[in-house]
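Visitor: need a structure here:
(chains A and B)
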Amino acid sequence: MLNSSLKQISAALRAKQISSVELTQLYLDRIATHNPVYNAYITVDAKTSLAQAVAADALLAGGGAQALTGIPIAQKDIFCAKGWRTTCGSKMLADFIAPYDAHVIEQFNKAGAVNLGKTNMDEFAMGSSNETSYFGPVRNPWNQKAVPGGSSGGAASAVAARLCAAATGTDTGGSIRQPAALCGITGIKPTYGTVSRYGMIAFASSLDQAGPMARSAEDCALLLNVMTGFDERDSTSLQREQEDYTRDLNKPLAGLRIGLPREFFAEGLSADVGSRVQEAITEYRKLGAVIVEISLPNTRLAVPVYYVLAPAEASSNLSRFDGVRYGYRAPEYTDLADMYEKSRSQGFGEEVKRRIMIGTYVLSHGYYDAYYLQAQKIRRLIAQDFTDAFKQCDVIMGPTSPSTAFNLGEKGDDPVQMYLSDIYTIAVNLAGLPGMSIPCGFGDNAMPVGLQIIGNYFDEARMLNVAHQYQLTTDWHSRAPQGF
Amino acid sequence: MSLSTADVQKVARLARLAMNDTEIEAARTQLSGIFELIAEMQAVDTTGIAPMSHAQDLSQRLRDDIVTETNQRELFQSIAPQVETGLYLVPQVIE
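Guide: The predicted structure follows:
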């Protein structure tokens, strides 16, 4: 059951080969065994999960089951789930019990899925290695010394280690795709606005987007069917017809035009990652795709633009944490200003404070035009690059991350080095496009390599089709780390 | 680009973050490094380019002016650091 697809698990549940309670208990037992090492979950609440499983079994018995009914899903600890501790990986929210459900959680509840627990993450989703979590780093199931990537590192580690059937993540600058790549799983960040941000703790509101993380494109399609949909409580939620993201999975790829941006294969890319990506492209040629060389000339500017815009939005979003209505309050203070300053200084970690400082600076009087406005203008140039590129191709492919998983502590002291590792993913967020990562082999250190697939706006069904066809002819996505 | 100690102190104050001298100095070094990275933007000619704030050019939706929230004061205040008789408590601000 641990290596079955969601479709197979769903069939087994309906055929009464296993109950949701048994399946949930199986995962809870695995979490109890492995989580002390991998630290993929921050909160597990067996009683609540099993109660949901009992309800799911009743639905399954009564004939009211949907595709994901009874399936245990790990939720990133950025989604508020009523009655669950929701920490966002921060001391600031270490004791925060969410008083309501995020839209994503509501959708999974409606589908009858089981919430298996809340996964570890970089604090407030700010990080690419899961090392900024207040609850300690997550380990990569392919090598305990390596990071799982971030910020959805707990989700990626949990999927890879078979500590859940599937998981959710969020992606502001690559936080679904990069950990998916580093842990050898499949993850997709849909078009901005397709999944509601309601109840998803905000980092950079114009970039944040939730999506599924699972073991295959087919699984991701089923999860996306549940996660997407209009929600009036998110002002940027898009009013669109509900889609079935599985509808194109089985289409042949003959004639598919794949764009390869030359900037994605330039200096800074590890040789082993480059080779695996080229091998994947060769496989796509065999499937009938044609390759088009394209250019995204402003790629190198994506990092500086992102590190102005995301911290600016974060500094504004995180101003709500003041120790008054919820969250951490310092034990001792002299007056109101002192209470704010001490609560925030003690409640936030180093990386979060660094980004609040950057954001506050670029928005401050005298610097707004030079930094924030200039970054927003270049953001348009970056988005335009993609619009131009999609006139020549159907999907864009390249590496997800310039290297395979690095070791814990390796980049910890140098924020600039860490930021530069997001080079291939952040332009996609700036443009608001959908992007995904699928496993395409292993690097020199035997760690997974991710192939990034970027689609045009609302082209998720095609991207999932492109990924699924590759997964039908290769088995990288079904490899499991040793011992799992 | 290099930030001065006074710049960093000012930003920390605006951001409501308490920092001692050691932390200010560490922040100054790291922020200067990050602003060197960001400085690459300055050379780009963006004359005539409209700023892009969102991926989808949306206008804000309007809705009817009706009550949509129910009163959940007890629930919301149950997670507050300090409340008394339905009020959030903070240090005295008016003498």
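Visitor: So which residues of chain B form strands?
Guide: Applying DSSP state E to chain B gives strands spanning B:83-84, B:87-88.
Visitor: Please identify which of the ones you listed is closest to chain A.
Guide: strand B:87-88 (5.6 Å; Cβ to the nearest Cβ). Just so you know, the C-beta spots here come from the backbone N, C-alpha and C atoms, and that holds for glycine as well.
Visitor: which strands and helices sit next to the lowest-mean-pLDDT helix or strand in chain A?
Guide: Every helix and strand of chain A was ranked by mean pLDDT, DSSP states H and E. The lowest is helix A:415-420, at a mean of 87. The elements that helix A:415-420 packs onto, with contact taken as 3 or more Cβ pairs under 8 Å, 6 or more residues apart in numbering or on different chains; DSSP states H and E, are helix A:302-317, helix B:21-38.
Visitor: Report the buried residues of it.
Guide: A:415, A:418, A:419, A:420 (16 or more other Cβ atoms under 10 Å in any protein chain shown).
Visitor: For residue A:111, give me its contacts.
Guide: Neighbouring residues of residue A:111 by Cβ atoms under 8 Å, 6 or more residues apart in numbering or on different chains: A:66, A:67, A:68, A:69, A:226.
Visitor: Show me where the chain dips below the pLDDT cut-off.
Guide: This is for chain A. Residue ranges of chain A with pLDDT under 70: A:412.
Visitor: not what I meant, chain B
Guide: B:1.
Visitor: Now neighbour count, secondary structure and distance to residue A:440 too, for the contacts of residue A:111, in TSV please.
Guide: What follows is those, written out as TSV (neighbours: other Cβ atoms under 10 Å in any protein chain shown; DSSP: H, G, I helix; E, B strand; the rest coil; distance: Cβ to Cβ, whole Å):
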residue	neighbour count	secondary structure	distance to residue A:440
A:66	16	coil	32
A:67	16	coil	27
A:68	27	coil	27
A:69	21	coil	32
A:226	22	helix	27
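Visitor: Pull the most distant pair out of those.
Guide: For these, with distances taken as Cβ to Cβ, the pair at the greatest spread is A:69 and A:226 (10.5 Å).
Visitor: Now do the shared contacts for the two.
Guide: With Cβ under 8 Å, 6+ apart as the test, residue A:69 and residue A:226 both reach A:111, A:113.
Visitor: neighbouring contacts of the least confident helix or strand of chain A?
Guide: Outside of helix A:415-420, the residues within contact range by Cβ under 8 Å, 6+ apart are A:127-129, A:268, A:303, A:307, A:351, A:354, A:411-412, B:30, B:33-34, B:36-37.
Visitor: quick one on the thing from earlier: pick out the most distant pair among the buried residues of helix A:415-420.
Guide: Once Cβ to Cβ is applied, these give A:415 and A:420 as the farthest pair, at 9.7 Å.
Visitor: still on that earlier bit, show the subsequent helix or strand relative to the least confident helix or strand of chain A.
Guide: helix A:426-431 (DSSP states H and E).
Visitor: starting at the chain centroid, how far to that following helix?
Guide: 14 Å (Cα atoms, centre = their mean, to the nearest Å).
Visitor: before we move on, what about stretch A:323-342?
Guide: So, by Cα atoms, centre = their mean, the centroid of stretch A:323-342 is 32 Å from its chain's centroid.
Visitor: State the distance spanning the first to the last residue of that stretch.
Guide: End-to-end span of stretch A:323-342 (Cα to Cα, to the nearest Å): 9 Å.
Visitor: Only the buried residues of that stretch, if you could.
Guide: For stretch A:323-342, a neighbour-count test (16+ other Cβ under 10 Å) marks A:323, A:324, A:326, A:327, A:328, A:329, A:330, A:333, A:339, A:340, A:341, A:342 as buried.
Visitor: Once you drop chain neighbours, what's closest to the first one?
Guide: By that I understand residue A:323. Nearest residue to residue A:323, sequence neighbours excluded (Cβ to Cβ, 6 or more residues apart in numbering or on different chains): residue A:343, at 3.2 Å.
Visitor: Right, I'll leave it there.
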